[in-house]
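Undergrad: Sequence and predicted model, in that order:
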Amino acid sequence: MQKVYKLSKARFDELSAELEHMKTVRKKEVADQIEEARSFGDLSENSEYDEAMNEQGRLYSRIAEVENILANCEIIEGGTRYVVLDLDDNTEEEYHLVGSQEADPYQQRISDESPLGKALQGAKAGDVVSVNAPGGEIKYKVLKVN
């Protein structure tokens with residue numbers, strides 16, 4: 001079964017623009033690098049040619065990755081915000097539950113595929129959820145959902 005990527009409209013647009021740029025501008029730039037490196041002579045000892053070919057491989061790999069994401073995505077609106085109380089240390093935290101392509105733990109944006117994201121999905125205010133973490137089980141009380 002093909003994985004479905006959950007994306008906001010903004011992230012979908014960013015990836016679409018990145019794909020267009022890679023297919024037009026970057027492909028041409030890499031092709032020019034390869035052509036220039038070929039002009040240096042013997043390809044068996046030509047590090048510029050090897051690097052240009054490696055860059056082409058990375059580019060084609062990223063193009064395939066982005067095409068796969070865009071072909072198998074579901075546009076979601078905004079995501080859900082959870083305010084939780086960590087029952088171990090009595091601290092309140094807010095998390096924004098988003099798709100895996102938009103997760104950024106430093107911005108409190110957690111993936112719906114993460115252990116905490118999975119535990120929070122469908123939780124309502126007042127629920128207590130448990131998360132298995134490397135340091136042991138952590139329990140959170142859901143204070144607010146919006």
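TA: Yep, it's here. Numbers count the residues shown, from 1 in each chain.

Undergrad: can I assume residue 81 sits in a strand?
TA: Yes: the assignment for residue 81 (DSSP: H, G, I helix; E, B strand; the rest coil) places it in a strand.

Undergrad: following the longest helix along the chain, which helix or strand comes up?
TA: For the chain, the helix reaching the highest residue count under DSSP state H is reported as helix 47-71. Downstream of helix 47-71, the next assigned helix or strand under DSSP states H and E is strand 73-75.

Undergrad: Surely residue 120 touches residue 96?
TA: No: in this structure residue 120 lies outside contact range of residue 96 using Cβ atoms under 8 Å: 10.5 Å. For glycine as for every other residue, the C-beta is placed from the backbone atoms N, C-alpha and C.

Undergrad: Which residues are in contact with each of these two?
TA: 80, 82 (Cβ atoms under 8 Å, 6 or more residues apart in numbering).

Undergrad: Neighbour count: these two, which is higher?
TA: Just comparing residue 120 and residue 96: by other Cβ atoms under 10 Å the higher neighbour count belongs to residue 120, 22 against 16.

Undergrad: mind checking how far that one is from residue 4?
TA: According to Cβ to Cβ, to the nearest Å, residue 120 and residue 4 sit 19 Å apart.

Undergrad: Do a quick rundown of the helices in the chain.
TA: 9-21, 27-38, 47-71, 115-120.

Undergrad: Looking at the ones you listed, which is nearest to residue 88?
TA: Of all these, it is helix 115-120 that lies closest to residue 88, at 13.5 Å by Cβ to Cβ.

Undergrad: distance between that closest one and the chain's centre?
TA: 17 Å (Cα atoms, centre = their mean, to the nearest Å).

Undergrad: Cheers, nothing more for now.
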